[in-house]
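> Coordinates for the following, if possible.
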Amino acid sequence: MSATDTVPEGPTPHPRSTLMLAIGAIGVVFGDIGTSPLYAFREALAQSAGDGIDAAEILGVLSLAIWALILVVTLKYVLFLMRADNQGEGGVLALTALARRSLGTRAKVALALGATGAALFYGDAIITPALSVLSAVEGLKTIPGGAALFGEPEIIGLTISILIGLFIIQGRGTASVARLFGPICILWFLAIGGLGLYHILDAPSILRALSPSYGISFLFSHGVIGLFVLGAVFLTVTGVEALTADMGHFGRLPIQLGWFVLVFPALVFNYFGRGAFALNALETAAAAGQPFANQDWFFLMAPGVLRVPLVLLATLATIIASQAVITGAYSLTQQAIQLGLLPRLRIRQTSADHSGQIYLPAINWLLLIGVLVLVTQFRTSSSMAAAYGIAVTGTMVVTTCLAYIVVRHHWHWGRLPAVALIAPFLLLDLIFFGANILRVIEGGWVPLVVAAVIGLLIVTWRRGKRIVGAFEARQSIPLADLAAALAKRPPERVEGTAVFLTANPANTPGALLHNLKHNKVLHARNLIVSVRTADRPTIAPEERAMVERIDDSFTSVVLKYGFMETPDVPHDLTMQLAITPMKTSYFIGRNTLKASAEEGMPLWQDRIFMFLQRNASDPTDFLRIPPGKVLELGEQVTV
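All right, here's what the predicted structure looks like:
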């Protein structure tokens with residue numbers, strides 16, 4: 001099976017709709033990578049500026065930046081990974097779900113990789129808004145007279161105000177302003193591409209940097225410094241994960257169209273123009289006998305009269321880039337909850353027309369706290385840039401490993417062809433990851449700490465759920481045995497339908513046993529309902545419910561949902577089994593947890609699990625069950 005066989009091709013989309021989707025993709029998918037010119041070239045050049053900057057270093061850094069865009073973004077993501085999709089959905093957890101389905105009994109490997117990638121993503125989600133908005137606002141210092149008006153306190157204050165406003169509006173939904181994202185970002189890419197083209201004429205010889213020999217020569221001649229530069233060069237491709245993560249919203253073709261027609265040329269022109277501008281400044285300084293220093297090349301490229309509009313446009317572009325990362329964190333969390341990696345959180349729809357537009361209050365405010373801490377502690381975009389690359393490169397290594405599993409076991413390639421395809425990408429990822437690891441002390445520890453905390457929460461949650469599940473399994477009896485026993489000695493019957501929610505429909509739910517023990521009644525109709533998450537983004541309505549009749553009193557129902565869907569149990573039971581909502585009661589098992597140092601997890605991990613359990617969203621809210629129709633029954637469980 002080839003890569004093109006992974007998903008059946010549907011009807012060819014109309015050119016107009018493809019164009020509109022491409023415009024939308026430019027405003028969402030490319031926001032992060034599109035704002036990297038604000039700081040990437042400056043930070044990469046700064047790493048080699050210890051003993052002065054010469055023309056060879058400008059050409060070398062530029063060559064590395066251009067080839068990072070070609071190899072990492074164009075070849076790996078746009079042309080390869082966008083074909084490794086899960087029914088049109090992309091991103092690290094969508095790839096994880098596909099890899100799990102392909103591995104079968106060895107699915108734990110894919111789940112561990114996915115959990116690692118998800119944990120690293122949250123580090124990226126905290127850094128992106130802080131770094132991008134701060135770097136745009138810092139442009140105010142480059143306007144004529146701006147350095148005197150906008151010192152560090154003013155820059156920090158304005159950045160914090162913008163970020164707080166951005167996170168506050170999340171709860172109201174962004175559908176009303178999202179339609180402006182595409183046009184604004186198109187204007188942004190045209191502006192940065194135009195600036196680059198204008199300055200290429202300053203030193204047309206800069207086009208020599210298209211040869212990879214300049215980048216390779218730079219690395220070999222600079223030793224360890226070359227690795228630090230390579231880590232900073234990676235900033236040119238941050239945000240690349242969004243290309244696959246948002247594929248389900250826009251489709252492969254519109255994203256590829258947006259990249260090749262506008263985004264890639266604009267970025268390349270801008271970086272070449274930046275290099276030519278720096279070369280020209282170097283020659284001017286040398287002719288005047290003055291020292292040459294690294295500067296904020298992006299804003300200085302614009303004439304003084306255009307810098308204020310450019311700063312405003314850059315600020316809008318970084319807000320859009322931040323918005324894309326924030327909503328990406330919401331989507332990733334929803335997928336993680338559905339895959340059982342995190343506890344249930346309250347999820348609110350912010351649009352009646354687009355199911356993908358959601359808001360998670362807990363994630364929103366945690367991200368804001370993290371972003372504000374970064375801004376107030378690092379204070380400049382240059383200080384923060386060192387913290388950026390590790391999270392992204394780590395996620396890329398995970399994505400490449402998952403891609404190998406998909407190529408080997410889902411596309412059914414042989415071992416040697418799969419290794420031949422994946423090994424060069426993995427080697428490139430490891431080189432970038434190693435280069436960024438060198439910057440741990442400078443700030444790279446931040447995303448690692450965030451990822452470690454998220455990873456600990458994931459491990460604790462899954463382990464605790466396994467302990468609780470094992471306890472419930474020991475206490476339960478087969479549903480078929482209970483049904484047979486009740487048929488011989490029937491209890492008191494009451495009218496209506498009882499829905500008992502359980503993880504294992506083959507066993508009797510604890511809530512049913514407690515109801516019989518304490519209330520000594522059985523409803524006329526009893527549904528034993530289990531909610532499952534499939535390794536697919538969505539489930540067709542006709543595949544939603546699997547119904548099995550046990551006897552006249554009991555029916556087993558398994559409701560399946562895709563990992564991109566939000567369960568709605570009452571609606572689907574009404575549609576599939578024609579229950580009467582007003583005559584239906586829902587019984588949920590709610591066990592009380594007790595920490596113990598002698599059994600289960602260590603005591604400190606017990607405390608974490610109990611905290612997560614207490615703060616998890618009520619299952620009735622998550623499953624959209626009316627609170628007035630719910631009865632909770634349970635017992636004490638030692639974890």
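
> all contacts plus neighbour counts: C-alpha atoms, from now on.
OK.

> wait, isn't Thr350 in contact with Thr327?
No. Proximity of Thr350 to Thr327 does not meet the contact threshold set by Cα atoms under 8 Å, at 11.5 Å.

> Under the pLDDT cut-off, which ranges of the stretch 101-250 of the chain? List them.
The model of the stretch 101-250 of the chain has pLDDT under 70 over residues 105, 175-176.

> For it, which segments count as helices?
For the stretch 101-250 of the chain, applying DSSP state H, counting those that start in this stretch gives helices covering 107-137, 146-149, 152-168, 175-178, 181-200, 212-233, 241-245, 247-250.

> who's in contact with stretch 191-207?
59, 265-277, 279-280, 301-302 (Cα atoms under 8 Å, 6 or more residues apart in numbering).

> which stretch among the helices of the stretch 101-250 of the chain comes nearest Gln256?
helix 241-245 (8.9 Å; Cα to Cα).

> rewinding a little: dump the helices of the stretch 101-250 of the chain to TSV, plus mean neighbour count.
Output for those, formatted as TSV (neighbours: other Cα atoms under 10 Å):
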stretch	mean neighbour count
helix 107-137	24
helix 146-149	12
helix 152-168	16
helix 175-178	11
helix 181-200	21
helix 212-233	19
helix 241-245	24
helix 247-250	19
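
> Serialize these to TSV and add fields for distance to Arg83.
TSV is the format used below for the helices of the stretch 101-250 of the chain (distance: least, Cα to Cα, whole Å):
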stretch	distance to Arg83
helix 107-137	18
helix 146-149	47
helix 152-168	33
helix 175-178	27
helix 181-200	24
helix 212-233	26
helix 241-245	9
helix 247-250	10
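
> And those helices: which comes nearest His409?
helix 107-137 (11.6 Å).

> Run the angle between the closest one and helix 152-168 for me.
Orientation of helix 107-137 against helix 152-168 (axes from the mean of the first three to the mean of the last three Cα atoms, to 10 degrees) gives an angle of 130 degrees.

> Check which helices and strands helix 107-137 sits against.
If you count contacts as 3 or more Cα pairs under 8 Å, 6 or more residues apart in numbering; DSSP states H and E, helix 107-137 packs onto helix 92-103, helix 152-168, helix 307-338, helix 361-378, helix 381-385, helix 389-405, helix 445-475.

> Select, out of these, the one closest to Arg179.
Taking Cα to Cα, helix 307-338 is the member of the helices and strands packed on helix 107-137 nearest to Arg179, at 11.3 Å.

> Buried residues, the closest one. List them.
Using 16 or more other Cα atoms under 10 Å as the test for burial, helix 307-338 gives 307-308, 310-311, 313-338.

> now that helix and helix 361-378, what's the angle there?
Going by the same axes, to 10 degrees, helix 307-338 makes 130 degrees with helix 361-378.

> Can you list the strands that the longest strand along the chain pairs with?
Determined from DSSP state E, the single longest strand within the chain is strand 521-533. Using DSSP bridges, the strands paired with strand 521-533 are strand 492-501 (parallel), strand 554-561 (parallel).

> Ok, which of the ones you listed comes nearest Val446?
Closest among the strands paired with strand 521-533, once you apply Cα to Cα, is strand 554-561, at 35.2 Å.

> outside of the closest one, which residues touch it?
483, 505, 525-534, 538-539, 543-550, 567, 569.

> How about stretch 76-91?
3-4, 6-7, 94-95, 97-98, 240-248, 251-252, 256, 403, 406-407, 425, 536-537.

> hmm, which of the residues you listed are the buried ones?
The buried subset of the contacts of stretch 76-91 - by 16+ other Cα under 10 Å - is 3, 6, 94-95, 97-98, 240-248, 251-252, 256, 403, 406-407, 425, 536-537.

> which regions of the protein sit below the pLDDT cut-off?
In the chain (pLDDT under 70), the answer is 1-16, 105, 175-176, 351-356, 635, 639.

> Was I right to think Met277 contacts Leu300?
To be clear, residue 277 is Phe; Met isn't right here. No. Phe277 is not in contact with Leu300 according to Cα under 8 Å; the separation is 9.1 Å.

> Just the buried residues of stretch 617-634, please?
In stretch 617-634, counting by 16+ other Cα under 10 Å, buried: 617-618, 620-623, 625, 630, 633-634.

> helix, strand or coil for Ser585?
Secondary structure, DSSP: H, G, I helix; E, B strand; the rest coil: Ser585 is strand.

> and it, bridged to which residues?
On the basis of DSSP bridges, Ser585 is bridged to Ala498.

> how near is Leu134 to Gly193?
22 Å (Cα to Cα, to the nearest Å).

> and Leu98, what does it touch?
Counted by Cα under 8 Å, 6+ apart, Leu98 has contacts 85-86, 406, 410, 535-536.

> ok, now Val450?
Counting by Cα under 8 Å, 6+ apart, Val450 makes contact with 119-120, 122-123.

> still on that earlier bit, could you tell me which of the contacts of stretch 191-207 count as buried?
59, 266-277, 279-280, 301-302.

> So which of the buried residues of stretch 617-634 sit within strands?
630, 633.

> a markdown table for the buried residues of stretch 617-634, including distance to Ala112?
Output for the buried residues of stretch 617-634, formatted as a markdown table (distance: Cα to Cα, whole Å):
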| residue | distance to Ala112 |
| --- | --- |
| Ser617 | 24 |
| Asp618 | 27 |
| Thr620 | 29 |
| Asp621 | 28 |
| Phe622 | 25 |
| Leu623 | 26 |
| Ile625 | 32 |
| Val630 | 35 |
| Leu633 | 33 |
| Gly634 | 31 |
